[in-house]
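**Q** When you get a sec, could you give me coordinates for this:
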Amino acid sequence: MPEMPIRVLVVEDEPLYAEQLEAILCDLGHEPIGPAPDARIALALHRTETIDLALLDVQLRGPVDGIALAPQLLAHRPIPLLFLTSCAADETFAQARLAGPAAYLIKPVQPATLQ
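**A** Here you go, the predicted structure:
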């Protein structure tokens, strides 16, 4: 019996990078959900779709960034969270750790990292 693909919520506000993430996930046999360019859309998708894992851009544009979005997603339904960021600053990392992600990945993410 074939394995069910992992359904991954992609929360990324850069359209080209979101497209790259989705392509990588598809190549790895996963099923991308989204992309969600902001917290509002991410929450809506999390409420209406079956999500196994979320990839969250830490620095989303808008009033709610990825770090603030994390507890809102977890309050609805606990899932593993992977934070993505191009910022490796200690302060950002410390804030992100408080949200309890499964991993904190620096962009650009390599396909082997998401396997």
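**Q** packing partners for the longest helix seen in the chain?
**A** Ranked by number of residues, the top helix in the chain under DSSP state H is helix 15-27. For helix 15-27, the packing partners by 3 or more C-beta pairs under 8 Å, 6 or more residues apart in numbering; DSSP states H and E come out as strand 7-11, strand 31-36, helix 111-114. (C-beta placed from N, C-alpha, C; glycine too.)
**Q** Run through who's touching it.
**A** Helix 15-27 is contacted from outside by 8, 10, 12, 31-32, 34-35, 37, 55, 107-109, 111, 114, using C-beta atoms under 8 Å, 6 or more residues apart in numbering.
**Q** Let me know how buried the closest residue in space to V64 that isn't next to it in sequence is, in neighbour terms.
**A** Nearest residue to V64, sequence neighbours excluded (C-beta to C-beta, 6 or more residues apart in numbering): A39, at 3.6 Å. A39 has 23 neighbouring residues, counting by other C-beta atoms under 10 Å.
**Q** go on, C26?
**A** 13.
**Q** what's the answer for A99, then?
**A** 19.
**Q** List the residues that contact it.
**A** So A99 contacts I67, A70, P71, L81, F83 (C-beta under 8 Å, 6+ apart).
**Q** L55 too?
**A** Contacts of L55 (C-beta under 8 Å, 6+ apart): V8, L9, V10, V11, E12, L21, L82, L84.
**Q** What about those, which one has the most neighbours?
**A** V11 (32 neighbours).
**Q** my guess is that residue meets G66, correct?
**A** Yes - the pair V11 / G66 is scored as a contact, 6.4 Å apart, by C-beta atoms under 8 Å.
**Q** which residues do these two both contact?
**A** Contacts common to V11 and G66, judged by C-beta under 8 Å, 6+ apart, are L56, D57, L60.
**Q** G29 versus I6, what's the distance?
**A** 8 Å (C-beta to C-beta, to the nearest Å).
**Q** When the two are compared, which one has more neighbours?
**A** More crowded of I6 and G29, by other C-beta under 10 Å: I6, with 16 against 12.
**Q** Would you enumerate the residues in contact with that one?
**A** H30, E31, D52, L53.
**Q** Was I right to think E49 contacts I33?
**A** Yes - using C-beta under 8 Å, E49 makes contact with I33 at a distance of 5.2 Å.
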